[in-house]
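K.L.:
no FASTA, just this:
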């Protein structure tokens, strides 16, 4: 183990980076413990070591050099290989451990069993009855079959009520007839459905005796378990290349009056009896729980993607020398420029703030789950609103931060050798999947408007919206903690968020009073409402960051986190304020702050972000392996460009 | 010709789009005349028709389905084919005609002769003496050889003074010895250098008698003219995949003491005589002229890329129905949502504003060129500052607009079938190439600070900085034109830009007074200075838009442009103001405004943006052609996922 405070320091590294690491004022291992939580931080180190020792788990060549077919094959190869080792490496019951393993081995571009674990198994756990679980769940967990979850259609995503796929019950034969009646009813986008899965849970509109009963879930076998060929009455395929995630075979599915047994409808909640009698599910809101779960985990995932990008860009900014601040001295590291610091440091602060917000929402989810098991559904709405806002704000700001970090790498940031383009593509997808961000903002908006109404009725809302009742008061959410000097910042934040929420609510009221329908009035206010939702969420992130820092025991770690908190609160509040002072405090620790994320080279897949800083020699190596360099003269040259030039030379001699 | 005001309307189109087009309040052909200028608008229609008739100029399959090798070959094939037809289709002396042809046929992802026309030929024209022109320029124009311009190195881009490639003059042999002495001195990034070109103009630091004389240009033969094999003492190759532009073979180049004749140095300005006597060039600033030229054209190119994205997204937003505003009515087109309008319409206004700014800066460039030929170098500095600002602001805001337009397409915007990801990748590259944006902002910043100093000395600067002298006055740049109701907006804009510029200047002064060196003081103010540069540039764009609209003669076209101007001025000024009223005015013309860009389907390469609106059936067709769909069962399935499942099933039976 390194004797240095910065554990990433090694002999033989690029001296530019070593110089940075020697400036660390805190132990990077201890800051990693705060960022990940100490258990996960330790396990990540152990997982990285385990992978190092198993060559068949390493990339066969850089992912950007692969075609889609090769990417899909590479991911399948790794999944198979991992299946032999996984129980030795991680505790399968720990989501975040498994995710870390996958990110290190397979990467962020997708893999054939993503949806199997993220949606297929949870859907079986949540919606199958005990008998169905025995039939499918155990086989799924043992990986005897691979499944996905098919909900979105070519023509509909957000508005589930309008899904066009039908499941019509046939009493005679005690079967459901699944059908895609229109072009736009084709299932479209489900991950791994194109080529990898042999089963899918298909969401279809249930029809019994010509009565439409809304969306329900059905188990459908897509492919033969042995030959893997498509089953009859099914058309299935890959939907083609995407902006990123090209290791994943997102698929389409057309069902042509496919008959499945009655018991293939998942029947834990709703039921259809043999004679066609329909039993409604007891709680409609239970479905929220799965969404809240997925969104909570999206926060930590996006904090990590942002960390990837910042770690690459910050290290590279300390290696790249270009231009002068003082023309009499040497060229400076580009990180010395105020503009470069402005580009990177507020996002470093956000990466920490987002990670803490993610951990907190996962913690709240666990509390809610327990209270749900005790029959209490009260906490769902609260957490649903919070995670909707966090999902939208964090995915958007993380995307912005990744792109700024990429541009901060200059020209080389545009090369896939930096891997930054891929990280952006994967990160920005989060703005769209699992609920389009503007729709998310409106869900939180509805919650905020409700809270305003209750304040106006003289009630005092609790939890995250308590500050809405504090207008004109000196009280603050933060006052429950010892005042550490930032209570004023938080109060200002609360004030701005509260003012915007009330402003949106009043505008809404005005439109309603003018005779517009509630819905029309709402649509006229959504820009204002979304702004309120955004401010509310950023207030939560800031408060949570503040409270989190107060809990840190190691004084050196706490000090650097306070520097980041200070920068964060000022940046978020003033956004464009000058903060030379704060940047100066962050600057010496810049590399150590990103080293504390302990992202392995294998995970980074970035020539610019290498821990050892040997960037330029490895860029050259990387370039030489380009598929275009396998021949000195491209075979196509003799077909096109050479004849063009020869024609021209011949003509000029005429 | 269509009898409708909207010329894009055809029978058999998706009725959702036809409904939109019937609402047009102006003639889309006439608005196209304003956007492109009437000559180019007409020529684009004729070019599109000519291409339609030549099948070998069409894409052989969607570009996103091609590997890099296929993309590079496809571009070479089209270049060769075009070389046989080009003089029949366009006037080669007209840059923008040729560019339109290339965009329609080859597309935006690069091609083997981009740098040949953009840099190699102009460099010969600008830097070769008459004898050298006879030797190389004529051959280059006739396409007997293909060249590029090799300046950027692995370790240096922005700071040209530190280029490490050397050209040492050997008096004995009357030759230059070109060398890449370090790893970081490798030429890196030049377009088409990897595989396509056989010549390059290489920028190297000239050394005579151990004296360093700065960067000069040298003609270097890279490959044999017939076999195309790499010449001795040269190592050359492709630098690998990038975020976009993957049809282009950006290259690296290592020179190992390569000897070239003395006369291979381009000698129009600087000269080296046989005995090693060196003659300095007369004007250092002449090099600016080429940069100003390239940047002026970047403005119109990025306006066009933004137009591509908005045209796709606006059309698709009128086809996609999802959710309700009034739950008693049908699902609405997503463009009806206030948030969707907020996402698209201000960017539509910007696309027009940027196009007008681009045309204006090309016009100013032509004026400057003529005055330069008359020996007057006064206008260069002005135009250099303006185009630096425009390059940075327009590429950044265009990138943002493209990404917003992409996200506005929801899930399908993430599929490469929309082509939006590629447009973003190409557009956002503009923030980095031809001068990194933050560096550009500082060049304008220096100019603004100079102007402030002259104002403080009681002088009245003219041209684009005149408003800096107007503090506290009711005068405005715009007052020279009849007041059309927006003078107040412009005055407010001027006020904000002026205040920020003075604020930055005063802060700079304060740091200088405190004893910091000018350079240190500057580095402490760059965030403030860049903000001033940004505001100055946005003021120019707004003023120019305003003045441009006043010149429009067709009343219906002028009215819709005034709607856009109104939106633009308010959006830029208030940024987050609510503008329901203005949006309502834009809404009925939304599709017609983007149809006025007359972007052909061939050019769009986007399933979502098709003129006929038949999106969903063509998405299905596109997906079925994915390389992953050529076999029902992927060959790799039997290697990895099937054995994994079989193992699992075997074990569970044990």
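P.N.:
Ah, there it is. Quick caveat, the model's predicted, so the values are computed rather than measured.

K.L.:
Can you identify the element that follows the helix or strand that residue A:296 is a member of toward the C-terminus?
P.N.:
Counting by DSSP states H and E, the secondary-structure element that holds residue A:296 is helix A:286-317. The C-terminal neighbour of helix A:286-317 among helices and strands, as given by DSSP H and E, is helix A:338-373.

K.L.:
Now do that following helix against helix A:286-317, angle only.
P.N.:
Between the axes of helix A:338-373 and helix A:286-317, defined by axes from the mean of the first three to the mean of the last three C-alpha atoms, to 10 degrees, the angle is 160 degrees.

K.L.:
Could you list every helix and strand that the following helix or strand past helix A:338-373 packs against?
P.N.:
Stepping forward along the backbone from helix A:338-373, the first helix or strand reached (DSSP H and E) is helix A:378-407. Taking 3 or more C-beta pairs under 8 Å, 6 or more residues apart in numbering or on different chains; DSSP states H and E as the contact definition, the neighbouring helices and strands of helix A:378-407 are helix A:286-317, helix A:338-373, helix A:420-429, helix A:437-456, helix A:518-550. (C-beta placed from N, C-alpha, C; glycine too.)

K.L.:
for helix A:378-407, the distance to its chain's centre please.
P.N.:
9 Å (C-alpha atoms, centre = their mean, to the nearest Å).

K.L.:
Next, the contact list for the residue nearest to residue A:638 when sequence neighbours are not counted, please.
P.N.:
Spatial nearest neighbour of residue A:638, excluding adjacent residues (C-beta to C-beta, 6 or more residues apart in numbering or on different chains): residue B:228 at 7.7 Å. Shown here is residue B:228, whose contacts under the criterion C-beta atoms under 8 Å, 6 or more residues apart in numbering or on different chains are A:633, A:637, A:638, A:642, B:198.

K.L.:
count of residues packed around the last one?
P.N.:
Close neighbours of residue B:198, defined as other C-beta atoms under 10 Å in any protein chain shown, add up to 22.

K.L.:
these two touch, right, it and residue B:220?
P.N.:
No. Between residue B:198 and residue B:220 there is no contact under C-beta atoms under 8 Å: 10.1 Å.

K.L.:
picking up where we left off before, can you pull the buried residues of the helix holding residue A:296?
P.N.:
Buried residues in helix A:286-317, counted by 16 or more other C-beta atoms under 10 Å in any protein chain shown: A:286, A:288-317.

K.L.:
do the same with stretch A:320-337
P.N.:
For stretch A:320-337, the neighbour count (16+ other C-beta under 10 Å) marks A:320-325, A:331-337 as buried.

K.L.:
Filtering the residues you listed by proximity to chain B, which remain?
P.N.:
Under the cut-off given by C-beta under 8 Å from any C-beta of the partner chain, chain B has A:320, A:321, A:322, A:323, A:324, A:325, A:331, A:336, A:337 from the buried residues of stretch A:320-337 close to it.

K.L.:
My read is that the third one contacts residue B:156, right?
P.N.:
Yes. The pair residue A:322 and residue B:156 passes the contact test of C-beta under 8 Å, sitting 6.6 Å apart.

K.L.:
Report the set of residues contacting both of the two.
P.N.:
By the contact definition C-beta under 8 Å, 6+ apart, residue A:322 and residue B:156 are jointly contacted by residue B:162.

K.L.:
interface residues of the stretch 201-350 of chain A facing chain B?
P.N.:
Contact residues (C-beta under 8 Å from any C-beta) of the stretch 201-350 of chain A with chain B: A:223, A:225-230, A:237-244, A:249, A:252, A:320-327, A:331, A:336-340, A:342.

K.L.:
which SSE is residue A:213 in?
P.N.:
strand A:211-221.

K.L.:
Residue A:192 too?
P.N.:
Counting by DSSP H and E, residue A:192 is part of no helix or strand.

K.L.:
So what's the residue count around it?
P.N.:
Burial measure for residue A:192: 29 neighbouring residues, criterion other C-beta under 10 Å.

K.L.:
Please list all residues in contact with residue A:573.
P.N.:
When contacts are taken as C-beta under 8 Å, 6+ apart, residue A:573 is in contact with A:489, A:492, A:493, A:496.

K.L.:
now the helix or strand hosting it against helix A:378-407, angle please.
P.N.:
Taking DSSP H and E as the definition, one finds residue A:573 inside helix A:555-574. Put simply, helix A:555-574 runs at 90 degrees to helix A:378-407, going by the same axes, to 10 degrees.

K.L.:
separation between residue A:188 and residue B:520?
P.N.:
As defined by C-beta to C-beta, to the nearest Å, residue A:188 lies at a distance of 57 Å from residue B:520.

K.L.:
quick one, which of those two is more surrounded?
P.N.:
Neighbours per residue (other C-beta under 10 Å) separate residue A:188 from residue B:520, with residue A:188 holding more: 26 against 15.

K.L.:
So what does the more buried one have for phi and psi?
P.N.:
The main-chain torsion angles of residue A:188 are listed as degrees, to the nearest 10 and equal phi -150, psi 130.

K.L.:
Report the mean per-residue pLDDT for the helix holding residue A:573.
P.N.:
Per-residue pLDDT values over helix A:555-574 give a mean of 89.

K.L.:
so which residue of the stretch 201-350 of chain A comes closest to chain B?
P.N.:
Using C-beta to the nearest C-beta, the single residue of the stretch 201-350 of chain A nearest to chain B is residue A:243, 3.4 Å away.

K.L.:
give the contact list for the residue lying closest to that residue once chain neighbours are set aside.
P.N.:
What sits nearest to residue A:243 in space, not counting adjacent residues and going by C-beta to C-beta, 6+ apart, is residue B:421, at 3.4 Å. Under the criterion of C-beta under 8 Å, 6+ apart, the contact list for residue B:421 reads A:242, A:243, A:244, A:425, B:406, B:414.

K.L.:
For ChimeraX, write the selection for the buried entries among those.
P.N.:
Command for ChimeraX that selects the buried part of these, burial taken from 16+ other C-beta under 10 Å:
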select /A:242,243,244,425 /B:406,414
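
K.L.:
Make TSV from the contacts of residue B:421 and add distance to residue B:103 to it.
P.N.:
Supplementary listing: the contacts of residue B:421 in TSV, determined by distance: C-beta to C-beta, whole Å:
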residue	distance to residue B:103
A:242	24
A:243	21
A:244	25
A:425	24
B:406	19
B:414	24
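
K.L.:
Include pLDDT and distance to residue A:628 when you put the contacts of residue B:421 into JSON lines, please.
P.N.:
What follows is those, written out as JSON lines (pLDDT from 0 to 100; distance: C-beta to C-beta, whole Å):
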{"residue": "A:242", "pLDDT": "96", "distance to residue A:628": "23"}
{"residue": "A:243", "pLDDT": "96", "distance to residue A:628": "22"}
{"residue": "A:244", "pLDDT": "96", "distance to residue A:628": "22"}
{"residue": "A:425", "pLDDT": "97", "distance to residue A:628": "22"}
{"residue": "B:406", "pLDDT": "97", "distance to residue A:628": "28"}
{"residue": "B:414", "pLDDT": "96", "distance to residue A:628": "27"}
